[in-house]
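[1] With the input below, show me the fold.
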Amino acid sequence: MTDEPRRAASGLDEKAAGVLSSRLTPLETAAEVIRMEGEALRAVAAKLGDGFVRAVELVRSCRGKVVTSGVGKSGLVAKKIAATLTSTGTPASFLHPVEGVHGDAGIVGAGDVALFVSQSGRGGEIEGLLPIIGRLNVSLIAITGSASSPVGKAADAVLETGSPAEACPFGLVPTSSTTAALALGDALAIAVLKEKNLKKEDFAFFHPGGVIGKMMLRQVREIMHSGDRLPVVGENDSMRDALLQIVAKKLGLTTIVDSRGRLTGIITDGDIKRILLKGGDFWSLKAGEVMTRRPKTIAAHELVARAVQRMEENPGGPITSLVVEDESGRPEGVVHLHDCIKAQG
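    Numbering: from 1, shown residues only. I've put the predicted structure just below:
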């Protein structure tokens, strides 16, 4: 018997619009379900584009947490995505949309990113959260069947699952669509992990069930001393100015910048003590003459876990502070090891 007659005899070619034939054996059903879900995944991979890139950037630069939400099977997928994000270095939590519209949306705060999972992209519960998200000015990522759905239209980034044939005899049970949504969530989490340049050893810090783990999953920008709390003087400023900054900002150091505001070095209270012990006219010195050049730095978007690791594994011996440097080479903050410890509470 050729392949085609065999398929006809078993009913494999009798499904319409992706609905499984009732005459398949259990093994044939299993194979067909897997085949149909595989087709859904291939279709999703082909749809990837600018929306996915935008979603990765939103999550990577998130200053708070990612709040996922969804109803029914989509809600279960949203819970799994939240767990995957948290385990890969991005704090996330699940918000049930029904509870959200009755007060629990208060967990969403400034700096958070929302991620809604909804195949239809519409419905009273999930749509009910949209005005709340809008009022909070929180960025929204949608994993949905269509970008033209209400949730899709409200989103800043859309990951489309399309309209895959559900792998059930009635074409109704969420199977292919939830598999596609789950895969998109996994793809997003891993893409963000790579963008953050996490290494295997970083996960020694990640204990999501403990306070320390939650702290380590936060970004440096959340705990760094910035703005008026950032100690900074120019290279040509006096040592008196430098000492005043160290005393006033209480970080044990001050950053030193050139005429264009770029970081050129730091002076620590230890540096001052060593100079005083040597004697000489301390007050006649300029900050640029005393500073330690090429201080250890870190970017604001990196994890606290990375900052702690960099301080503890410094080649010259453990240190207690890092200067947070922006893309232009300017200091935008200082993160201190004590801040990491204090923030555990």
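
[2] Spatially nearest residue to residue 55, not counting backbone neighbours?
    Nearest residue to residue 55, sequence neighbours excluded (Cβ to Cβ, 6 or more residues apart in numbering): residue 157, at 4.0 Å. In this view, the C-beta of every residue, glycine as well, is placed from N, C-alpha and C.

[3] what is that neighbour paired to in the beta sheet?
    residue 141 (DSSP bridges).

[4] so where's the chain shaky on pLDDT?
    The model of the chain has pLDDT under 70 over residues 1-22, 103, 198-217, 280, 341-345.

[5] which residues in it form strands?
    66-70, 92-94, 113-118, 139-144, 157-160, 232-234, 253-257, 263-268, 292-293, 297-298, 321-325, 331-336 (DSSP state E).

[6] Measure how far the last one is from the centre of its chain, please.
    This points to strand 331-336. Relative to its chain's centre, strand 331-336 lies at 21 Å (Cα atoms, centre = their mean, to the nearest Å).

[7] Now tell me what touches it from outside.
    220-221, 223-226, 230-232, 251-253, 255, 257, 263, 298, 300, 304, 307, 320-326 (Cβ atoms under 8 Å, 6 or more residues apart in numbering).

[8] With just CA atoms, put it into CSV.
    The C-alpha trace of strand 331-336 is given here as CSV (Å, rounded to 0.1, in the frame of the first residue of the first chain):
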residue,chain,number,x,y,z
PRO,A,331,29.8,59.0,35.5
GLU,A,332,26.1,58.7,36.3
GLY,A,333,26.3,56.9,39.6
VAL,A,334,28.3,55.0,42.2
VAL,A,335,27.2,51.6,43.5
HIS,A,336,28.6,50.5,46.9
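
[9] on that earlier part again, what subset of the contacts of strand 331-336 is buried?
    Using 16 or more other Cβ atoms under 10 Å as the burial test, the contacts of strand 331-336 include 220-221, 223-225, 230-232, 251-253, 255, 257, 263, 298, 300, 304, 307, 321-325 as buried.

[10] okay, now the domains of this structure?
    8-196, 220-342 (automatic domain parsing).

[11] Just say which of these is most tucked in.
    domain 8-196 (a mean of 19; mean count of other Cβ atoms under 10 Å).

[12] coming back round to it: how much space between the residue nearest to residue 55 and residue 259?
    For residue 157, the distance to residue 259 equals 40 Å [Cβ to Cβ, to the nearest Å].

[13] Let me see the ranges of the helices in the stretch 51-200 of the chain.
    73-87, 97-100, 124-135, 150-154, 176-195 (DSSP state H, counting those that start in this stretch).

[14] now those as TSV including distance to residue 24?
    Output for the helices of the stretch 51-200 of the chain, formatted as TSV (distance: least, Cβ to Cβ, whole Å):
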stretch	distance to residue 24
helix 73-87	23
helix 97-100	36
helix 124-135	34
helix 150-154	34
helix 176-195	16
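
[15] which stretch among the ones you listed comes nearest residue 36?
    Closest of these to residue 36 is helix 176-195, at 5.5 Å (criterion: Cβ to Cβ).
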